[in-house]
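Q: heads up, no residue letters with this:
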């Protein structure tokens, strides 16, 4: 019987790339229509592998999938996958850690420039017939301002040379590395230092129990009143209630967000009504090239496992040492 790969959801026009790659090993796609928990649980018993984009992979779906060898994430973060539960069951979890680095770093700089040059505010007013240069008063020169990066993984490192090209000083907070200089950035273990010195604070951390709500009232009040918060990582990193107060009461000058806690947000979401908030629809990762790349790499991870090979990127390597490691059946 042909192997079956369950796709929980995808954000591109078709699954032709996945089909062409799986055809090489005689595997078939099993595509969820809604990605809701009940549907995934009902489809899971037939799945030898799972491909997932944004939908939550329910613990119950993994419990209902005795043949499943791997859950492969279309992307970097795995906060929509119950990794510990998958490990307990002997299931591999994989991702694509080098996905969309250029796109997200470009989008980060685009949001920064939109804030620095008040691009969206000028655009909105120009479209209503208000040609008013008085709104440019107080604009600082970008060169020699400070960009603070919270997190210093692949994406943050891709931001650094682009920011340096605009003459920005780059300060990066990471508890993993010792203070010093690396790749043109100054490293610090002191989050308060970064928040108080940065003109732009850009988030580049995964959503984990330790990072959820990382930016709240205390952090926002530590930032400069002329500062901007930029988030192209995960909405859960920011306490949105505190951010809303910060924007309304002037604790900071503004925010530029590609991610929110609820996506898509309801039309009544209060951040959408803030003139000093630039919001894009979780689009930072997107380009035709990046999508084709992540489709292929995530599917190749699945093919490796179906062929009895460990994929290049294993999120939970401890599973390989367990007695119930499912891939061991095929090794």
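A: Happy to help now that I have it. None of the values given here were measured: they were computed from a predicted structure.

Q: what does the longest helix along the chain rub up against?
A: Longest helix in the chain by number of residues (criterion: DSSP state H): helix 288-306. Contacts to helix 288-306, defined as Cβ atoms under 8 Å, 6 or more residues apart in numbering, come from residues 3, 5, 10-12, 15, 17-18, 21-22, 24-25, 27, 48-49, 51, 69-70, 72-75, 92, 94-96, 99-100, 102-103, 310-313, 327. Every C-beta, even on glycine, is put in place using the N, C-alpha and C of the backbone.

Q: And it, what's buried?
A: Of the residues in helix 288-306, 290-291, 293-295, 297-306 count as buried by neighbour count, 16 or more other Cβ atoms under 10 Å.

Q: measure stretch 50-57 end to end?
A: Taking Cα to Cα, to the nearest Å as the measure, stretch 50-57 stretches 9 Å from start to finish.

Q: and that stretch, which residues are buried?
A: Here stretch 50-57 shows 50-57 as buried, counting by 16+ other Cβ under 10 Å.

Q: what's the answer for stretch 74-94, then?
A: Buried, per 16+ other Cβ under 10 Å, within stretch 74-94: 74-83, 85-87, 89-94.

Q: Helices of the stretch 51-200 of the chain, start to end?
A: 59-63, 83-89, 101-116, 119-127, 154-165, 191-197 (DSSP state H, counting those that start in this stretch).

Q: Can you add mean pLDDT and distance to residue 226 and give these back as CSV?
A: Formatted as CSV, those follow (pLDDT from 0 to 100; distance: least, Cβ to Cβ, whole Å):
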stretch, mean pLDDT, distance to residue 226
helix 59-63, 98, 45
helix 83-89, 98, 40
helix 101-116, 97, 10
helix 119-127, 92, 15
helix 154-165, 97, 18
helix 191-197, 98, 12
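
Q: Of all those, which one is nearest residue 214?
A: helix 191-197 (8.7 Å; Cβ to Cβ).

Q: other SSEs contacting the closest one?
A: strand 146-150, strand 169-173, helix 217-222 (3 or more Cβ pairs under 8 Å, 6 or more residues apart in numbering; DSSP states H and E).

Q: mind listing what whichever helix or strand comes after that helix pairs with, with the direction of each?
A: Once helix 191-197 ends, the next helix or strand along the chain (criterion: DSSP states H and E) is strand 200-203. Next to strand 200-203 in the sheet, as set by DSSP bridges, lie strand 146-150 (parallel), strand 228-231 (parallel).

Q: Let me have those strands in CSV, extended by mean pLDDT and mean neighbour count.
A: What follows is the strands paired with strand 200-203, written out as CSV (pLDDT from 0 to 100; neighbours: other Cβ atoms under 10 Å):
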stretch, mean pLDDT, mean neighbour count
strand 146-150, 98, 26
strand 228-231, 98, 27
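
Q: So which of those strands is nearest residue 42?
A: Nearest to residue 42, of these and by Cβ to Cβ, is strand 228-231 at 35.4 Å.

Q: can you list the residues that contact the closest one?
A: 108, 111-112, 115-116, 199-203, 215, 220, 223, 237-238, 243, 252-259.

Q: Pull out the buried residues from the helix or strand following that strand.
A: Sequence order places helix 240-249 as the next helix or strand after strand 228-231, per DSSP H and E. Neighbour counts over helix 240-249 (16+ other Cβ under 10 Å) mark 240, 242-244, 246-247 as buried.

Q: who touches helix 240-249?
A: Contacts of helix 240-249 (Cβ under 8 Å, 6+ apart): 215-217, 220-221, 229, 251-252, 254-255, 260-261, 270-271, 274, 276-277.

Q: Out of the residues you listed, which end up buried?
A: 215-216, 220, 229, 251-252, 254-255, 260-261, 271, 274, 276-277.

Q: Let me know the closest of those to residue 174.
A: For the buried ones among the contacts of helix 240-249, the nearest to residue 174 is residue 215 (15.8 Å; Cβ to Cβ).

Q: So for that closest one, what pLDDT did the model give?
A: In this model, residue 215 is scored at 98, pLDDT.

Q: got a list of what the residue nearest to it when sequence neighbours are not counted touches?
A: Setting aside the residues directly before and after it, residue 215 is nearest to residue 238 in space (Cβ to Cβ, 6 or more residues apart in numbering), at 4.6 Å. Counting by Cβ under 8 Å, 6+ apart, residue 238 makes contact with 203, 213-216, 229, 231, 257, 261.
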